[in-house]
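> Sequence and predicted structure below; questions after.
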Amino acid sequence: MTSKGRQGGGRASRAPERGVIVLAGEDRNDCEILAALIRAHRPDLGAAAKLVRINDPVRLRRKSGPVLTAAVGALVGKARAKERQQQAELLGFVVHEDLDGYTDAQYDRIRNTLTAEFARQSPQSRTALALAAWESEGWLLLFPDAFPHVRPRWKVPAPLLDKDTGRVKGTKEELKLGLGLPVFRKSDGPAVARVRAPVFLSPCRSPTAPLWFLVWDLCEDEDARR
């Protein structure tokens, strides 16, 4: 390197090689489920981007007005900080929260409110809302054949098969009671999600399941870039 190339005293900055997708959720298990599903449904994004997590838990559904504005602003700011930290383009921002309800008018109202607020505060970012109806474990019911690959004795009980997972109450408790031994734990969710990709990638059993809103968001965002 010439002396001119060394001017400034520091190392030459390295151009980013990959993008970054930032995940924000209620806890690490939820974000790991999201990461596995993104890699399965959008392998192009999984290959093009590093998936990183914001540690702060997401708590948006009960907020409104200036409080919601501040909370969304804080999350957007942390996503941008991750972009700078990784020295990579922010390709997507995926935000998860359990809504503890059904996919009904209330669900739609919360989703529309959050969508509008993220779009207002971060119009250049591609944000996907991964809003689980009751909880993220409901998404796993879309892939019942994955469970015995984690624990050979596990079998999803018949009453939970082919259900609209957006209308199954307390999925985690249903899995604890119905799968058999060993008892299902929240920390088992990411393992189930990872096993099912790509072997169990299949058409949606439940058209209103919130998981598919996430997939649609990612597809729409990618289409908009073309």
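Great, that's in hand.
> next helix or strand past the lengthiest helix in the chain?
In the chain, ranked by residue count with DSSP state H as the criterion, the top helix is helix 65-86. Following helix 65-86 in sequence order, the next helix or strand is strand 90-98 (DSSP states H and E).
> the strands in this protein, which residues?
Under the criterion DSSP state E, strands of the chain are mapped to 19-24, 49-54, 90-98, 127-132.
> Which one, of the ones you listed, ends up nearest to residue 178?
Distance to residue 178, taken as C-beta to C-beta, is lowest for strand 127-132 among those, at 18.6 Å. Glycine gets a C-beta too; all of them are placed from N, C-alpha and C.
> Neighbouring strands - and their directions - for that closest one?
Sheet partners assigned to strand 127-132 using DSSP bridges are listed as strand 90-98 (parallel).
> Would you mind writing the CA trace of the strand it pairs with as CSV?
Output in CSV follows, covering the C-alpha atoms of strand 90-98 (Å, rounded to 0.1, in the frame of the first residue of the first chain):
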residue,chain,number,x,y,z
LEU,A,90,-30.4,-3.8,6.5
LEU,A,91,-32.4,-6.2,4.3
GLY,A,92,-35.3,-6.7,6.7
PHE,A,93,-36.6,-6.1,10.2
VAL,A,94,-38.8,-8.9,11.6
VAL,A,95,-40.8,-8.0,14.8
HIS,A,96,-42.5,-10.8,16.8
GLU,A,97,-45.0,-10.6,19.6
ASP,A,98,-47.6,-13.0,21.0
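> Report pLDDT for the residue sitting nearest the centre point of the chain.
Nearest to the mean C-alpha position of the chain, by C-alpha atoms, centre = their mean, lies residue 34 at 3.6 Å. On pLDDT, residue 34 comes in at 90.
> residues in contact with it?
The neighbourhood of residue 34, defined by C-beta atoms under 8 Å, 6 or more residues apart in numbering, consists of 23, 25, 94, 96, 130, 136, 214.
> Redo these as TSV? Include distance to residue 62.
Below are the contacts of residue 34 laid out as TSV (distance: C-beta to C-beta, whole Å):
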residue	distance to residue 62
23	21
25	16
94	21
96	16
130	18
136	18
214	21
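> any idea which of those residues is the one closest to residue 56?
When the contacts of residue 34 are compared for distance to residue 56 (C-beta to C-beta), residue 25 wins out at 9.7 Å.
> The closest one is in contact with residue 60, isn't it?
No: taking C-beta atoms under 8 Å as the definition, residue 25 is not a contact partner of residue 60, at 11.2 Å.
> That's all I had, so thanks and see you.
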